[in-house]
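Participant: no letters, just coordinates:
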């Protein structure tokens, strides 16, 4: 998906006709969202197979609640057994909370933008200083979503493994 988004972005930037620029840019935003979604979905399926079927709109909440609860529960067990120190427990929680929070925010924003791109054609893609914008969102920023998503998922997987859930 990411490579498709990148090519759509190049085509959008090269178009001279505004309508063509608009439709290619919308499609690029959409592909960058789906790339991020699929990266997250794969990670969630590795953590718990049933999480792979979570609806798009519900993933940010699952990250903020269910993923964190599972890790917290396991960390409490490890702490009671003396396997992790308070400092180690805090570091793991901080790492997980940062990644789940940032990923949740990214996916919420990306999903909202995908909805605008797909269902609100009356909201134009604008060009300002050679930057394509849909509302306040820059296409160049959307291009970074899959990479950021991958990094957040890597952190979540690591914490999941470190507490013994994998």
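Facilitator: Done, it's in. As the structure is a computational prediction, the values presented were derived from the model and not from experiment.
Participant: only C-alpha atoms from now on, for both contacts and neighbour counts.
Facilitator: OK.
Participant: please report the distance of residue 107 from residue 15.
Facilitator: According to Cα to Cα, to the nearest Å, residue 107 and residue 15 sit 28 Å apart.
Participant: between those two, which one's more packed in?
Facilitator: Comparing residue 107 with residue 15 by neighbour count (other Cα atoms under 10 Å), the higher total belongs to residue 107, at 22 against 14.
Participant: from the contact counts, what lies against the longest helix belonging to the chain?
Facilitator: Longest helix in the chain by number of residues (criterion: DSSP state H): helix 86-119. Using 3 or more Cα pairs under 8 Å, 6 or more residues apart in numbering; DSSP states H and E as the contact definition, the elements that helix 86-119 packs against are helix 18-47, helix 59-62, helix 68-80, helix 145-162.
Participant: so in that sheet, which strands flank the helix or strand following that helix, and in what orientation?
Facilitator: Scanning forward in sequence from helix 86-119 by DSSP states H and E, the next helix or strand is strand 125-128. According to DSSP bridges, the neighbouring strands of strand 125-128, each with its direction, are strand 131-134 (antiparallel).
Participant: buried ones in the partner strand, by neighbour count?
Facilitator: With burial defined by 16 or more other Cα atoms under 10 Å, the residues of strand 131-134 counted as buried are 132-134.
Participant: now swap in stretch 104-113 and tell me
Facilitator: Applying a neighbour-count criterion of 16+ other Cα under 10 Å, the buried positions in stretch 104-113 are 104, 106-108, 110-111, 113.
Participant: can you get me a residue count around residue 115?
Facilitator: 11.
Participant: what's the answer for the one 5 residues further on, then?
Facilitator: The number of residues packed around residue 120, counting by other Cα under 10 Å, is 11.
Participant: could you shift the numbering so residue one becomes 31, and keep it that way?
Facilitator: I'll keep to 31 as the first residue from here, and by that count the last item is residue 150.
Participant: returning to that earlier point: of the buried residues of strand 161-164, just say which sits nearest to residue 75.
Facilitator: Nearest to residue 75 out of the buried residues of strand 161-164 is residue 164 (Cα to Cα; 31.4 Å).
Participant: now do the nearest residue to residue 60 once chain neighbours are set aside against residue 138, distance only.
Facilitator: Take residue 60 and drop its neighbours on the chain: the residue closest to it by Cα to Cα, 6 or more residues apart in numbering is residue 144, 5.3 Å away. Residue 144 sits 10 Å away from residue 138, taking Cα to Cα as the criterion.
Participant: quick revisit: what's the angle from the longest helix of the chain to helix 98-110?
Facilitator: With axes from the mean of the first three to the mean of the last three Cα atoms, to 10 degrees defining the directions, helix 116-149 sits at 170 degrees from helix 98-110.
Participant: right, I'll leave it there.
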